[in-house]
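1. return a 3D structure for these sequence lines:
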Amino acid sequence: AVWDRHLALWPQDDLATLNRGLALQGLALQLEAAGRDSSAAFDRALSDLNQARAARPGNLAILHSIGLARLFQGQSVQARGGDPAPSWKGALATLDAALQGRTDWLPALNTRAAVLRMLGELAREHGQDPLPFYRRALADLDQALAQDANYFEARTSRGSTRQSLAAWRAALQEEAGADFAAAIQDHDAAVRQRPDNPEALAARGLALSSMGEAEAAAGRDALPILERALADLDAALKRAPAFLLARNNRGNLLCALADAEFAAGRDGRPSFERSIADFDELLRLNPDLTLGWLNRAAAMLQSGSAREARGEDGRPAFRRALADLDEALRRKPKWRAAHFNRGEAHLDLGTSETKRGGTGLEDFKRALADLDEAIRLGPGVATAWRERGAVRWALVAAEKAEKQGEEVGGQGPAGAGVAGAAGAAGA
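-> The predicted structure is shown next:
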């Protein structure tokens, strides 16, 4: 309000315009932290910052401020189910302009690295190659740390980027151990530098969690690594209970921990319950966080599959997962990961129905539709093609069972028993 009054009297004061833009950016971040809509504040901030840039086109601080605002804006858009790519690409172009011919502007190097890592994650989500983004981000961070080895934010960011690179390589079944080790080394250094910093603890917890999941996928004992990750995320949330990203990551970690506990002959149910409780709290704090709906559904799917593996009925968990995925896709209709997971949920529910006297036909049809859409949105994701093949086999078997049931039904009383059993299973 102070800057509004000032600019009403002196509208040509570009310094005041810049300061109002920075104040609006701060307001947008406060709104985000409170789980409220920040889009108008970001738009107004960027309008002011761009106006200040026009008045002072070579000012590096203004260019960096615009890059930061676009980075945060993209994260906000993504959290609410929108496409962050335009904001992040705009941030990258602005920061490239700021750093042209400059290698000593360390905050801008660190911010550009963060944007590049986000673009890498986005590429990965769409089944594209993220390596060019990760490599550019690491080059910026190496350069920043070469000039200031105690630059905490760059150290943490490099650890997170190395973790993203390692996770990508592990997903491709490539050797990723050295990248995970380098990531954790960076995070260890950051935690030594600021031992009570929740961001540093949460970042190391995420890296350890990702490493543990890779170890489990390779058939190795992941429990010690996952338990270390849980200790870090517990510590981060003890210091910052409203730290949404840490709560989301702990929820995901607890799912992986539950699977590892079951594999080791231990009871993983308490970990599943804690995972779902984390996502419940995440969505209570911010129901607009679309990732929370996706990840709570994933926890439900894993819990339901674990129940089925123990000979129990997983259908209630699968149905809860479907409700969350419907909500995620209501908020973000073209979300490849949500279509893929909903296809998985329908496949799991249909398979469970077949174990209990049904055919699962309708669920298999819905699974196929979702996986078709997932492949259309991300044709480079191999798991979607593999799962669609499994669904097609299940659909053929279900159609055959349905036809046989109809033929038996046409023979008189014997058919009534089949229809009754199927009806009871579907109830």
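2. burial of residue 175, as a residue count?
-> Residue 175 is flanked by 10 other residues according to other C-beta atoms under 10 Å. Every C-beta, even on glycine, is put in place using the N, C-alpha and C of the backbone.
3. can you report how many residues neighbour the spatially closest residue to it that is not a sequence neighbour?
-> Closest residue to residue 175 apart from its sequence neighbours, by C-beta to C-beta, 6 or more residues apart in numbering: residue 169 at 7.0 Å. Per other C-beta under 10 Å, the neighbour tally for residue 169 reads 18.
4. burial count for residue 58?
-> 9.
5. quick check: it vs residue 97, distance?
-> 10 Å (C-beta to C-beta, to the nearest Å).
6. swap in residue 205?
-> Counting by C-beta to C-beta, the gap from residue 205 to residue 97 is 36 Å.
7. cool, and residue 188?
-> Distance of residue 188 to residue 97, given as C-beta to C-beta: 35 Å.
8. returning to that earlier point: just want to know which of residue 205 and residue 97 has more residues nearby.
-> Each of residue 205 and residue 97 has its neighbours counted (other C-beta under 10 Å); residue 205 has more, 26 against 15.
9. for residue 36, which three-state class applies?
-> Classification of residue 36 using DSSP: H, G, I helix; E, B strand; the rest coil returns coil.
10. relative to residue 211, how far out is it?
-> 35 Å.
11. neighbour count: the two, which is higher?
-> For residue 36 versus residue 211, the count of surrounding residues by other C-beta under 10 Å is larger for residue 211: 26 against 12.
12. apart from its neighbours in sequence, what residue is nearest the more buried one?
-> Nearest to residue 211 is residue 180, by C-beta to C-beta, 6+ apart, at 4.3 Å.
13. which of the helices or strands spans that neighbour?
-> Residue 180 is located in helix 177-193, with elements delineated by DSSP states H and E.
14. does anything pack onto that helix? Which helices or strands?
-> helix 152-171, helix 198-217 (3 or more C-beta pairs under 8 Å, 6 or more residues apart in numbering; DSSP states H and E).
15. residue 76: which of those helices is closest?
-> helix 198-217 (17.9 Å; C-beta to C-beta).
16. please work out how many residues are found near residue 315.
-> Look at residue 315: counted by other C-beta under 10 Å, it has 18 neighbours.
17. could you find the closest non-adjacent residue to it?
-> Sequence neighbours aside, residue 352 is the residue nearest to residue 315 in space, at 5.1 Å (criterion: C-beta to C-beta, 6+ apart).
18. that neighbour: neighbouring residues, count only.
-> 22.
19. tell me who's in contact with it.
-> 304, 308, 313-315, 318, 360 (C-beta atoms under 8 Å, 6 or more residues apart in numbering).
20. how about stretch 78-94 as PDB, C-alpha atoms only?
-> Below are the C-alpha coordinates for stretch 78-94, written out as PDB (Å, rounded to 0.1, in the frame of the first residue of the first chain):
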ATOM      1  CA  GLN A  78       2.600 -26.700 -10.900                       C
ATOM      2  CA  ALA A  79       1.400 -27.200  -7.300                       C
ATOM      3  CA  ARG A  80      -2.100 -26.300  -8.400                       C
ATOM      4  CA  GLY A  81      -2.100 -28.500 -11.500                       C
ATOM      5  CA  GLY A  82      -1.000 -26.100 -14.200                       C
ATOM      6  CA  ASP A  83       1.800 -26.200 -16.700                       C
ATOM      7  CA  PRO A  84       5.000 -24.500 -15.200                       C
ATOM      8  CA  ALA A  85       7.000 -24.700 -18.400                       C
ATOM      9  CA  PRO A  86       6.200 -21.200 -19.700                       C
ATOM     10  CA  SER A  87       7.300 -19.600 -16.300                       C
ATOM     11  CA  TRP A  88      10.500 -21.700 -16.100                       C
ATOM     12  CA  LYS A  89      11.500 -21.200 -19.700                       C
ATOM     13  CA  GLY A  90      10.900 -17.400 -19.200                       C
ATOM     14  CA  ALA A  91      13.100 -17.600 -16.000                       C
ATOM     15  CA  LEU A  92      15.800 -19.400 -17.900                       C
ATOM     16  CA  ALA A  93      15.900 -16.800 -20.700                       C
ATOM     17  CA  THR A  94      16.000 -13.900 -18.200                       C
END
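21. contacts for that stretch, please.
-> Taking C-beta under 8 Å, 6+ apart as the rule, stretch 78-94 contacts 32, 37, 63, 66-68, 70-71, 73-75, 77, 111-112, 115-116, 118-119, 122, 286, 288-291, 328, 331-332, 335.
22. and residue 117, what's its pLDDT?
-> Residue 117 is assigned 97 on the pLDDT scale.
23. what comes up buried for the helix or strand it falls within?
-> For residue 117, the host element (DSSP H and E) is helix 106-125. For helix 106-125, the neighbour count (16 or more other C-beta atoms under 10 Å) marks 106-125 as buried.
24. show the low-confidence segments of the protein, by residue range.
-> Scanning the chain for pLDDT under 70 picks out the ranges 1-17, 33-35, 405-427.
25. separation between the most centrally placed residue in it and residue 166?
-> The residue lying closest to the centre of the chain (C-alpha atoms, centre = their mean) is residue 291, at 5.8 Å. Separation of residue 291 from residue 166 (C-beta to C-beta) stands at 21 Å.
26. what of residue 152?
-> Residue 152 is 21 Å from residue 166, by C-beta to C-beta.
27. compare the two (neighbour count), which wins?
-> Neighbour count, other C-beta under 10 Å: between residue 152 and residue 166, residue 166 has more, with 26 against 15.
28. I'd assumed residue 183 was in contact with the more buried one.
-> Yes: with contact defined as C-beta atoms under 8 Å, residue 166 reaches residue 183; the gap is 6.0 Å.
29. anything in contact with each of these two?
-> By C-beta under 8 Å, 6+ apart, the residues touching both residue 166 and residue 183 are residue 211.
30. give me the nearest residue to residue 138, chain neighbours excluded.
-> Nearest to residue 138 is residue 161, by C-beta to C-beta, 6+ apart, at 5.6 Å.
31. what is the neighbour count of the one you found?
-> Neighbours of residue 161 (other C-beta under 10 Å): 26.
32. wait, it touches residue 112, no?
-> No: using C-beta under 8 Å as the test, residue 161 is too far from residue 112 to be in contact (11.7 Å).
33. which neighbours do those two have in common?
-> residue 137.
34. what's the next secondary structure element after the strand or helix carrying residue 64?
-> Taking DSSP H and E as the criterion, residue 64 maps to helix 60-79. Next along the chain after helix 60-79, taking DSSP H and E as the criterion, comes helix 85-99.
35. please enumerate the helices of the stretch 301-427 of the chain.
-> 315-331, 336-355, 361-377, 382-409, 413-426 (DSSP state H, counting those that start in this stretch).
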